[in-house]
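>>> I would like the atomic coordinates for the input below:
(chains A, B and C)
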Amino acid sequence: MEKISTDEFPLTMHSSEKQETICIFGTGDFGRSLGLKMLQCGYSIVFGSRTPRMSSLLPSGAEVMSYSDAAQKSDIIIIAVHRERYDFLTELTEVLNGKILVDVSNNLKINQYPESNAEYLAQLVPRTHVVKAFNTISAWALQSGALDASRQVFICGNDSKAKQRVMDVVRSLGLTPLDKGSLVAANEIENYPLQLFPMWKFPFYLSAVLCVFFFFYCVIREVIYPYVHGKRDRTFRLPISIPNRVFPIAALTLLALVYLPGVIAAILQLYRGTKYRRFPDWLDHWMLCRKQLGLIALGFAFLHVLYTLVIPIRYYVRWTWNNRTVTQAITKKEDPFSTTTSWLRDSYVALGMLGFFLFVLLGITSLPSVSNTVNWREFRFVQSKLGYLTLILCTAHTLVYGGKRFLNPSDLVWYLPSAYVIALIIPCTVLVIKFILILPCIDKTLMRIRQGWERNPKYSESALNGKTDI
Amino acid sequence: MEKISTDEFPLTMHSSEKQETICIFGTGDFGRSLGLKMLQCGYSIVFGSRTPRMSSLLPSGAEVMSYSDAAQKSDIIIIAVHRERYDFLTELTEVLNGKILVDVSNNLKINQYPESNAEYLAQLVPRTHVVKAFNTISAWALQSGALDASRQVFICGNDSKAKQRVMDVVRSLGLTPLDKGSLVAANEIENYPLQLFPMWKFPFYLSAVLCVFFFFYCVIREVIYPYVHGKRDRTFRLPISIPNRVFPIAALTLLALVYLPGVIAAILQLYRGTKYRRFPDWLDHWMLCRKQLGLIALGFAFLHVLYTLVIPIRYYVRWTWNNRTVTQAITKKEDPFSTTTSWLRDSYVALGMLGFFLFVLLGITSLPSVSNTVNWREFRFVQSKLGYLTLILCTAHTLVYGGKRFLNPSDLVWYLPSAYVIALIIPCTVLVIKFILILPCIDKTLMRIRQGWERNPKYSESALNGKTDI
Amino acid sequence: MEKISTDEFPLTMHSSEKQETICIFGTGDFGRSLGLKMLQCGYSIVFGSRTPRMSSLLPSGAEVMSYSDAAQKSDIIIIAVHRERYDFLTELTEVLNGKILVDVSNNLKINQYPESNAEYLAQLVPRTHVVKAFNTISAWALQSGALDASRQVFICGNDSKAKQRVMDVVRSLGLTPLDKGSLVAANEIENYPLQLFPMWKFPFYLSAVLCVFFFFYCVIREVIYPYVHGKRDRTFRLPISIPNRVFPIAALTLLALVYLPGVIAAILQLYRGTKYRRFPDWLDHWMLCRKQLGLIALGFAFLHVLYTLVIPIRYYVRWTWNNRTVTQAITKKEDPFSTTTSWLRDSYVALGMLGFFLFVLLGITSLPSVSNTVNWREFRFVQSKLGYLTLILCTAHTLVYGGKRFLNPSDLVWYLPSAYVIALIIPCTVLVIKFILILPCIDKTLMRIRQGWERNPKYSESALNGKTDI
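Okay, the predicted model is just below:
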């Protein structure tokens, strides 16, 4: 065993044991960044290049060689060139035989090519073990250490030993490998960095449609109607008053839409008498984007709270209150105090605040790091029990807000009821059906179905086991 | 080395190397979900079943066999049947000899059986390596990929090689294994999914008791008293005014209770003159649930802020302000402006807002993902320094709120002081003791004790080493 | 294979396979805590001590021996003594030959010694494999299980096999090892637990300077000026009114400073015509602390919102509004309603609220657990697109707030413009330059430069590859 010498290259490894060498084909941004990171974590790096000259851009401590020379130095070869240039590898089939080729490439568009880059590479150089990895990591993040976005490295490949070796490399760089299976998963992995919030698309468009619809509904009732019937200019309601009608309606509707699919699923299971039939695709997709629907609803609720709290500092509101007081002072008439009004107004405000508080709690527990620390029972308790309580409070808030004016004919404008009346339809429906579903007789049947019981066991031969197996 | 063929089954692994086979006993929901997930991650799956017929519910690509046939195909056998049916395994002792049995079962109640399911399994089939795993994962989450709740898989077992192999499987499914030691830990692991916020129980009940007490205290002073002495109906104070007295009191008291155990611990250490004696159990438990106490306090503070900010849009408040203005206008008397009053009122509001701001900061740093990115020095800085600053600001907020009225005899109602006076007792006590503890002379002694010094070293023989070892 | 016996020591491992033994030198707090944790996770523990007597403080199940006896029992020896006492190891060179020494020590000050403790240890006992680990973990956290702060264990060492073995131990304790490379990284690892928010220092001091400057600026304009010109006492503005001018200014300026370095970097790249030259150090450092700048800006924005929402419950504000109303009632003059004023006021409030909403969204996505679940495209979309939208909304909020009064000479006090006018300089500059940069002609050049194109390719020989490699 030799004495440990002082280091020539910072952060490289000097040891009795020969350090592992990794070969990188291509000296572009990503190749260089990856090479530098690997050098820092104790690997030897050999770059393979068309023009094997040392460049000041390459990390010091690395070597540059021709492709075939570099390939001979290591079992693991990282292919950091664009798919369009993969052809050159066909000339190296001899030297690449049996080696692990790591495909790190990304495309510019989703499903740009018929097959994934990694599968294309595997066809091109057959007698190698192609592993897809590192494509979700950014060169800039590797260089700066600011891995704010994901540290997860998705990995797939057909050879499990090759995958295991690449995963060890990933781990030693301080990243988290995630095995996604065989090379057919490469397509999904290559599309991943090109996605832009796929789960948020449906909730986002839905809420946009909701907002636009209710915005124009309120504009018709509160701006166009007073203008047509009396030439009054109410456009000053556009910046705050009307958004503050749209936001709570959107929040309540979206919150109800979070719980509607669960209720529909329960009805379907009761009707079919079995849980062993798949739900329709739209229901499956809806159930998977409930979290996103709920978070958008929380956003609207937050805006509603902000827009409500600024009411007393608005010019229009202060002008109205001021005028009312001045009129009372001039006519020397004081309003009598109404305990009922006070109760009604305070109740709906209090219900709204409690509902918002629980809603914020739900939002916090849906943060990945928080939901990771709870078990399933706790997660279901929060998302189901507290969720329904939130829905009940928010629906009650809207109901009490309506109070006596509810469905009052004098509130109709061009036969249109107030917007909040429409907003109550879905939440009230969900709550009524849920109430029916938790009646003991129905709840018991549903529980039995969910534990594997079938009313008409033709759908599944495994019903027998379904009852006793986990 | 053979050419990589095109895949027949999506996501399964085809490779020169034989892919690993895992056997699953039981074809219930969980067994099937786990099997599907494992197939997707490149394992071969064989189901063992009493009635070995292929079912449309089983994942395509898996085989179904009798128990004994299935067991022969793999070293790792996942026992996905209920504990009540484990008996059938006794007939398979021959074929199970030396195999790794993975117990994935859960119970319906905490400590339902005298021994854990995994230990029972180990007794039943002695010459096997029983590993407890996967019981914290939900079948639905495995299927949908929506692993919102924990990705952590708790693992225990008496054979470390068997554990290691199961942990490799867990990792390759994209889950995080967490070794909990030998099989005696199985009991704890089986109870885990049945727990419902165990650390939150004491803080929750404590705050419920606090709220109920102060609610009735305020009802007596502000609703019952005016009714008895003057028949005035003040019930309209119930929805907002009285909760808005209870919430800040609960918040301040709970925040003080976060810092009280630390102060008590310091006094105990000073009194005993050593740190080598255990604290009483109640103090230990109290110290471990400080975070929960603090978060509940933050919840109350948040509600207090909301309830305070809606004050100007409340009917009662607007009616009062309006009437006062009308009276002034009629009597043509204007209030003179008092700079002192303005200073006092603005100060207590500003102190409260700054306190709330720091409190929110404390809450954010207690999020698991945030506290994971700070080192211990930073964590202590935030939770101790910023925490005490928050307590000081909130206590000052309440003190200045009291202002001149403080302990004013005219404020007594049936000899009861205002609720906020009572709320100040614990925070002021904590702050005064803490102030004494950080006096140089006392702080120095305490520091020496915490570094291992003993006033009377009879309690520990390792005191000698305690001073020089880490 | 023997029958599994009932356990004598809870949580220890009994298996056919001999359990691994780990030796710990030193019986201080940390050594004992680590030993207990390792016992619980199935290791055999031998303590080495100067005074090898069993103590009630040592975890039951562990043995205590002299240093040389203990060292012979295990390959892995954890050196849990202070650096000052490392000398005694020189006497043990014989028995330590080839063993893995784990240095867990910390210092009291950053860069206290010329070389790191681990490197000092490696020099002292040459023929061993020194691995730095565990120094970021707290003894109290190990004991209580409350690993709130980091579970990450930084590891470095010159021998990769030794490192691998220590990393396996770390993983089996439920902690996350992070390989930091060779032993020269020990210095950084030892400094880590002594750091106090190093990335926050510059943003913190910058914002402190901003706050102090604008506070005194506003005090001069709003407190000193009225006192000098009219002897009016406006000190009551100090607790809320003036902070509520400082907070939004600080928030807007800091938010603009988040986007300024990106704009400067783009100009530099355009000017140089290449991306292959390093940015100046100050720009690099500035770019790395953008997240911290943004979060501090969010804090100020949050305070601004709070301070604004309490306006209507402030004594001074209510007194002013009240007096105005009384005056109007006495003189029997009512203000006419101005639609323009209402539009202007509501617009700036609405812009501010929307800006704050987006700002909170940005803050949430910068939480580590949230940013870990998005890919780079999504992260850039949120931080760049939504970020600029936030900046635009907040700048517009301030511009509309100014409204007609903007640069009005009558608003000048001692030739000083209103504070918000100064606050607008940086945001408007950033937005104007950014607008110029996204003009098609300039944007195209910039994109080409960022993809590796060089106007004057003398700076880099790898330009050829830069265009085709990743």
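>>> so which bits of the longest helix along chain A are buried?
Longest helix in chain A by number of residues (criterion: DSSP state H): helix A:243-272. Neighbour counts using 16 or more other C-beta atoms under 10 Å in any protein chain shown place A:243-266, A:269, A:272 of helix A:243-272 among the buried residues. Yep, even glycine has a C-beta here, placed from its N, CA and C like the rest.
>>> do the following helix or strand past it and chain B meet?
Beyond helix A:243-272 on the C-terminal side, the first helix or strand identified by DSSP states H and E is helix A:281-288. Yes. Judged by C-beta under 8 Å from any C-beta of the partner chain, helix A:281-288 comes into contact with chain B through A:287-288.
>>> what is helix A:281-288 packed up against?
helix A:243-272 (3 or more C-beta pairs under 8 Å, 6 or more residues apart in numbering or on different chains; DSSP states H and E).
>>> show me the contacts for A:Y120.
Contact analysis of A:Y120 by C-beta atoms under 8 Å, 6 or more residues apart in numbering or on different chains lists A:83, A:86, A:113.
>>> got the contact list for A:I330?
C:329, C:332.
>>> is it part of a helix or strand, or is it coil?
At A:I330 the chain is in helix, as set by DSSP: H, G, I helix; E, B strand; the rest coil.
>>> please apply the same query to A:A186.
helix.
>>> same check, this time on A:L34
helix.
>>> ditto for A:V400
Going by three-state DSSP: A:V400 is helix.
>>> how about stretch A:350-366, does it get close to chain B?
Yes. Stretch A:350-366 reaches chain B (C-beta under 8 Å from any C-beta) through A:350, A:353-354, A:356-357, A:360-361, A:366.
>>> which helix or which strand is home to A:V102?
Secondary structure (DSSP H and E) places A:V102 in strand A:100-103.
>>> give the other helices and strands that that strand contacts.
strand A:76-79, helix A:117-124, strand A:129-132, helix A:160-172.
>>> most tightly packed of these?
strand A:129-132 (a mean of 29; mean count of other C-beta atoms under 10 Å in any protein chain shown).
>>> can you tell me if it touches chain C.
No. Using C-beta under 8 Å from any C-beta, strand A:129-132 stays clear of chain C, with a minimum separation of 13.6 Å.
>>> tell me the pLDDT at the residue in the stretch 201-350 of chain A that chain B sits nearest to?
Closest contact between the stretch 201-350 of chain A and chain B, by C-beta to the nearest C-beta, is at A:A329 (3.5 Å). Listed pLDDT for A:A329 reads 87.
>>> next, see if the longest helix of chain A gets close to chain B.
No. Judged by C-beta under 8 Å from any C-beta, helix A:243-272 stays clear of chain B, getting no closer than 11.6 Å.
>>> can you check what angle separates that helix from helix A:281-288?
Going by axes from the mean of the first three to the mean of the last three C-alpha atoms, to 10 degrees, helix A:243-272 is angled at 120 degrees with respect to helix A:281-288.
>>> so what secondary structure elements neighbour helix A:243-272?
So helix A:243-272, by 3+ C-beta pairs under 8 Å, 6+ apart, packs with helix A:201-219, helix A:281-288, helix A:290-309, helix A:387-402, helix A:419-423, helix A:425-437, helix A:440-450.
>>> the residue of the stretch 201-350 of chain A closest to chain B against B:V326, yeah?
Yes. With contact defined as C-beta atoms under 8 Å, A:A329 reaches B:V326; the gap is 4.8 Å.
>>> that's all I had, so thanks and see you.
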